[in-house]
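Engineer: Coordinates for the following, if possible.
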Amino acid sequence: MSSTLTDTLQHWINNAAYSADERTGQIYNPATGEVTRTVQLASKATTEVAIAAAVEAFPKWRDTSLARRTAIMFNFRQLLAERKGELAAIITAEHGKVLDDALGEVARGLEVVELACNAPYLLKGEYSQNASTGVDVQSLRQPVGVSAIISPFNFPAMVPLWFFPVAIAAGNAVVLKPSEKDPTASIWLAQLFAEAGLPEGVLNVVHGDKESVDTLLTDSRVNSVSFVGSTPIAQYVYSTGTAHGKRVQAFGGAKNHMLVLPDADLDLAADMAVNAGFGAAGERCMAISVVVALESIADELVAKIAERAKTLRVGDGTRGCDMGPLITGEHKAKVAGYIDAGVEAGAELVIDGRSGTVDAEGEGFFLHPTMFDKVGTDMSIYTDEIFGPVLSVVRVDSFNEGIEIINSSPYGNGTAIFTNDGGAARRFEDEIQVGMVGVNVPIPVPVGYHSFGGWKASLFGDQHAYGPEGFKFFTRNKVVTKRWLDPSHGGINLGFPQND
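Structural biologist: Got it, this is the predicted structure:
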């Protein structure tokens, strides 16, 4: 798989590198600040070539038996499990997250590949015999066609793996447009899938920006679109894609709250706030960015979080550090601007992450963990998705006030409650207006056989990612009503029946 190491990263169409674009972007090592390679940015014409490859591959792949599709998926799963260290190293080199975190990302993506290996069960229809006299009714799940996947920079392997294994197992052909900031992981995965036996054209990868995205959203040959990114872009993707007749699931931004009650284990809550707030430098859509603390325990909890956060070692993800850099210099400047804004708004800056010792070579894009206390809900550090290592503490006087604050957020991606009170936890589960809820679990990302997705401005579209809903999104339901007047007869064959 050495072709992923060329100076300029090419597209992947029909199981081969494809080059036709003069425009390029730069790929950085965020830990050093150095440009490590360039990436071709697809024109409309190149994106159309990828779509055409998927269109051509789709009929044959759709008609490939479930037994054969599943065998290829098992091959892919085995290769990915064996080589996960290679993929983790690519993620760390281009995204910056530490190696352990990158390995965790691959492991969670592997869960969905394993789910896709169970496609024959998940694609089963239903059957009613003699619904009317001599009439039988059955339902079928059939692939939608060509599926476009537009994935973000923060999980360059896991998020693509949330979608394309399910889409492909269901019989679709795919065009994947990864983030141009860290695209090598997607090419690596596509090459691995080809090695596992995936036919040409079933999985194609194009790198690019708005030009390639708009082509995928408007081309009539694309039947479905899966997107993960910020809410404004998710709204654009959803409105544009649906206006052009496509099935769209667009996952947007988040502002995830963690409510801590007085009866909670405060040491556990502090540990989890640090893990969920500063892991991957806060560049997670499921990161905890707001701790909602009851006033009676707020001082103690803030002190415990600060004590732990100050011990984190920040630096190059290959050196055993706890937290790596942000993805680009521009993003670092944006997050630092929010810290400035929080100070100006009057929040209490408990930990200032704008300076500190870093274990890395060169000028990387580093910020240290930052925490504000006594944050008002009108401040930008509270209202906006910062997507960086900035944790805000909002103090409340009651459990009811905490629920009200969380439910007032325009986002509804993830939330958590820390308590030892089963009744409070049960009420929280029932009343909170958020799609994914954790009880003493700070990042409640569902396992692969459930489905991922938020509410409100965190999701545009009806179906969630992976799990049963993922298979529903990538298939269409068909109901057949039939009557046979005469029985049919087959020949004699005493051999044991086999799948093929």
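
Engineer: ok, for the most centrally placed residue in the chain, nearest residue in space, not its chain neighbours?
Structural biologist: Nearest residue to the geometric centre of the chain (CA atoms, centre = their mean): residue 159, 3.4 Å. Taking CB to CB, 6 or more residues apart in numbering, and ignoring the residues beside it in sequence, residue 159 has residue 151 as its nearest neighbour in space, at 4.5 Å. In this view, the C-beta of every residue, glycine as well, is placed from N, C-alpha and C.

Engineer: Tell me the predicted confidence for that neighbour.
Structural biologist: Residue 151 carries a pLDDT value of 98.

Engineer: returning to that earlier point: please report how far the residue nearest to the centre of the chain lies from residue 283.
Structural biologist: 12 Å (CB to CB, to the nearest Å).

Engineer: what's the answer for residue 128, then?
Structural biologist: According to CB to CB, residue 128 stands 49 Å off from residue 283.

Engineer: do residue 70 as well
Structural biologist: Counting by CB to CB - residue 70 and residue 283 are separated by 34 Å.

Engineer: Those two: which has the busier surroundings?
Structural biologist: Shown here are residue 70 and residue 283; by other CB atoms under 10 Å, residue 283 has more neighbours (24 against 17).

Engineer: you'd agree that one is up against residue 154?
Structural biologist: Yes. Here residue 283 reaches residue 154: they are 4.5 Å apart, a contact under CB atoms under 8 Å.

Engineer: which residues are common contacts for those two?
Structural biologist: Common neighbours of residue 283 and residue 154, using CB atoms under 8 Å, 6 or more residues apart in numbering, are 95, 327, 387.

Engineer: now, which of the residues you listed sits nearest residue 276?
Structural biologist: residue 387 (13.9 Å; CB to CB).

Engineer: The closest one sits in which helix or strand?
Structural biologist: Using DSSP states H and E, residue 387 is not contained in any helix or strand.

Engineer: tell me, how many neighbours does it end up with?
Structural biologist: Applying other CB under 10 Å, we find 25 residues neighbouring residue 387.

Engineer: Does it touch residue 283 like I think?
Structural biologist: Yes. Assessed by CB under 8 Å, residue 387 is found in contact with residue 283 at 5.6 Å.

Engineer: Name the residues contacting each of those two.
Structural biologist: residue 154.

Engineer: Spell out the residue ranges of the helices in the stretch 251-400 of the chain.
Structural biologist: Using DSSP state H, counting those that start in this stretch, the helices of the stretch 251-400 of the chain run over 266-278, 295-309, 329-345, 380-383, 399-408.

Engineer: what stretches of the stretch 401-500 of the chain score poorly on pLDDT?
Structural biologist: Where the stretch 401-500 of the chain drops to pLDDT under 70, the residues are 486-490, 499-500.

Engineer: residues in contact with residue 325?
Structural biologist: By CB under 8 Å, 6+ apart, the contact set of residue 325 is 30, 31, 96, 281, 332, 360, 364, 365, 366, 367.

Engineer: so residue 279 touches residue 324, yeah?
Structural biologist: No. Counting by CB under 8 Å, residue 279 stays clear of residue 324, with 9.9 Å between them.

Engineer: between the two, which one's more packed in?
Structural biologist: The residue with more neighbours, out of residue 279 and residue 324, is residue 324; 31 against 25, by other CB under 10 Å.

Engineer: how about the helix or strand encompassing residue 468 as CSV, C-alpha atoms only?
Structural biologist: According to DSSP H and E, residue 468 maps onto helix 467-473. In CSV, the C-alpha atoms belonging to helix 467-473 read as follows (Å, rounded to 0.1, in the frame of the first residue of the first chain):
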residue,chain,number,x,y,z
GLY,A,467,-26.9,0.1,13.2
PRO,A,468,-30.4,-0.9,11.9
GLU,A,469,-31.2,2.6,10.8
GLY,A,470,-28.1,2.7,8.7
PHE,A,471,-29.3,-0.3,6.7
LYS,A,472,-32.7,1.4,6.3
PHE,A,473,-31.1,4.6,5.0
